[in-house]
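# can't give you the sequence, but here's the structure:
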């Protein structure tokens, strides 16, 4: 495939995201509570990726300190979980599907914001232009 691989994966990600949006709408319309649905979705994703991590990364295990575990948990909770809850709430209480899909575009922004806030990541743009404007 060569040069077509990124396009195939991008299309695959879009198909998965669209199917999860339809699945979310169907589950919420049936009467499932949004917070319960988000919990099950996060739990299924954790189990899925944990299996891949155990299979492929078992030889390169590094030590996980309590501070690193806290930071990863906080960024995961505040980034993706908060954004998913906002998405479902926007999906339930808004008439426009545009608003619901716009909240999904906030996932990278919220995750990056909380990662910088918890000093899990650094922004060189912030250091260059905000701290030293001249």
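In hand now; what should we look at? Predicted model, so just to flag it, every value in this text is computed and none were measured.
# Could you use CA atoms for every contact and neighbour count after this?
Noted.
# next helix or strand past the helix ranked longest in the chain?
Of all the segments assigned as helix in the chain under DSSP state H, the longest by residue count is helix 5-30. As assigned by DSSP states H and E, the chain's next helix or strand after helix 5-30 is helix 34-56.
# got the angle for that following helix vs helix 5-30?
150 degrees (axes from the mean of the first three to the mean of the last three Cα atoms, to 10 degrees).
# What part of the protein, helix or strand, is modelled with the least confidence?
When the helices and strands of the chain are scored by mean pLDDT, DSSP states H and E, helix 124-125 comes last with a mean of 60.
# I'd say residue 34 and residue 90 touch.
No - judged on Cα atoms under 8 Å, residue 34 makes no contact with residue 90 at a distance of 10.9 Å.
# Touching stretch 27-40 from outside, list them.
Outside stretch 27-40, the residues that touch it by Cα atoms under 8 Å, 6 or more residues apart in numbering are 24, 81, 84, 85, 88, 89, 92.
# Please list only the buried members of those residues.
24, 81, 84, 85, 88, 92 (16 or more other Cα atoms under 10 Å).
# Tell me, how many residues neighbour the closest residue to the last one other than its chain neighbours?
The one in question is residue 92. Nearest non-adjacent residue to residue 92, counting by Cα to Cα, 6 or more residues apart in numbering: residue 28, 7.8 Å away. The tally of other residues near residue 28 (other Cα atoms under 10 Å) stands at 16.
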